[in-house]
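> sharing a model that was predicted from the sequence below.
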Amino acid sequence: MTDLWSERASSYVESDAHREGADLDLLVSWAAGAETALDVATGGGHVARRLREAGLRVVTCDPAPGMQPDVICTAEHCPFADASFDVVVCRTAAHHFEDPAAAILEMARVASRRVLVVDTLNMGDAGERAEKLRDPSHVRNYTFDEWRGFFDGAGLELEEHRVLPHEIDFAAWLARTGCVGAEADEVRELWGARVAAGRLTLDKIALKGRKGS
Ligand SMILES: C[S@@+](CC[C@H](N)C(=O)[O-])C[C@H]1O[C@@H](n2cnc3c(N)ncnc32)[C@H](O)[C@@H]1O
């Protein structure tokens, strides 16, 4: 997994689907008041960049060395002391984690105030098949109820959540994982009406958790 992500690093740094999005604005607004942040599974570093622009001191982590994080680690095992960061953020990555419940538990442990998560929402079985075909490293997009379970299990109070449409370039999305030919055609079929005029509309879920007192 780690080498695969290192090989993909530059395409995730440059990706419009990752560099931009209403979810980034929302995360910055939800982090207001924090001074320090941890960006878990930083990938191309887009969350870290936006939080730094907002004045926060940010540490990044990711298991893929090619992503050039400050710290190389998985979300399931973060080498930081309890309550090290005011806010811990993880965007568009949990669907790749082997153990998302353990990852949220770990994020809650190293946060002193908030855990903020954005990920692709589960859009049904056809969507899951499309995701897996396009990228075998895809584990699962979770439903809102599953996310609520992860937050509850980590002792986080779910203060707010939003579902946001996220429209991206379909061909670029396929190209990032090298999905071509018959497989790309099948992925197109599976998404149905979600692909129109060369754009794929995904649903994203953003969750704002508060650490209990
Ligand atoms: C789609 S990219 C991240 C996008 C980035 N957070 C952003 O906002 O643009 C997914 C990242 O998850 C990382 N990753 C995969 N499995 C992981 C795990 N178990 N723990 C932490 N990061 C993981 C990959 O190395 C990759 O950098």
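That came through, no problem.
> what residues does this structure have near the ligand?
When proximity is defined as C-beta under 6 Å from any ligand atom, the chain approaches the ligand at 1, 5, 12, 18, 41-44, 46-47, 62-64, 67, 74-76, 91-93, 96-98. For glycine as for every other residue, the C-beta is placed from the backbone atoms N, C-alpha and C.
> among the residues you listed, name the buried ones.
5, 12, 18, 41-44, 46-47, 62-64, 67, 74-76, 91-93, 96-97 (16 or more other C-beta atoms under 10 Å).
> contacts only, for the residue nearest to Trp173 when sequence neighbours are not counted.
Leaving aside its chain neighbours, Trp173 sits nearest to Leu200 (6.0 Å; criterion: C-beta to C-beta, 6 or more residues apart in numbering). Residues in contact with Leu200, defined by C-beta atoms under 8 Å, 6 or more residues apart in numbering, are 167-170, 173, 191, 194.
> from the residues you listed, which land in helices?
170, 173, 191 (DSSP state H).
> CSV for these, including pLDDT?
Output for those, formatted as CSV (pLDDT from 0 to 100):
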residue, pLDDT
Phe170, 97
Trp173, 96
Trp191, 98
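> so Val187 is in which element?
Element membership of Val187, judged by DSSP states H and E, is helix 181-191.
> should've said Val118
strand 111-120.
> for that strand, buried residues please.
111, 113-120.
> look up the closest residue to the closest residue to the ligand within the chain, ignoring the ones flanking it.
For the chain, the residue closest to the ligand is Gly43, as judged by C-beta to the nearest ligand atom, at 2.7 Å. Using C-beta to C-beta, 6+ apart and skipping residues adjacent in sequence, the residue nearest Gly43 is Tyr12, 4.8 Å away.
> repeat for Ala32
Nearest non-adjacent residue to Ala32, counting by C-beta to C-beta, 6+ apart: Ala54, 7.9 Å away.
> and if you look at Ile205?
Nearest residue to Ile205, sequence neighbours excluded (C-beta to C-beta, 6+ apart): Leu121, at 4.3 Å.
> ok so, going back, which of the ones in helices among the contacts of Leu200 are buried?
Buried among the ones in helices among the contacts of Leu200 (16+ other C-beta under 10 Å): 170, 173, 191.
> where does pLDDT dip in the chain?
1-2, 213 (pLDDT under 70).
> helices of that one, residue ranges please.
Here the chain has its helices, by DSSP H, at 2-7, 9-14, 16-19, 22-30, 46-53, 100-110, 125-134, 144-153, 170-176, 181-191.
> would you point out which residue is most central in this protein?
Closest to where the C-alpha atoms of the chain average out (C-alpha atoms, centre = their mean) is Thr92, at 1.8 Å.
> I'd say that one and His18 touch.
Yes - the criterion here is C-beta atoms under 8 Å, and Thr92 meets it with His18 at 6.7 Å.
> mutual contacts of these two, please.
Both Thr92 and His18 are contacted by Gly43, under the criterion C-beta under 8 Å, 6+ apart.
> need the outlier residue of the protein, farthest from its centre.
In terms of distance from the mean C-alpha position of the chain, Ala182 ranks first, at 27.9 Å (C-alpha atoms, centre = their mean).
> now it: how far from Glu189?
Using C-beta to C-beta, to the nearest Å, we find Ala182 at a distance of 10 Å from Glu189.
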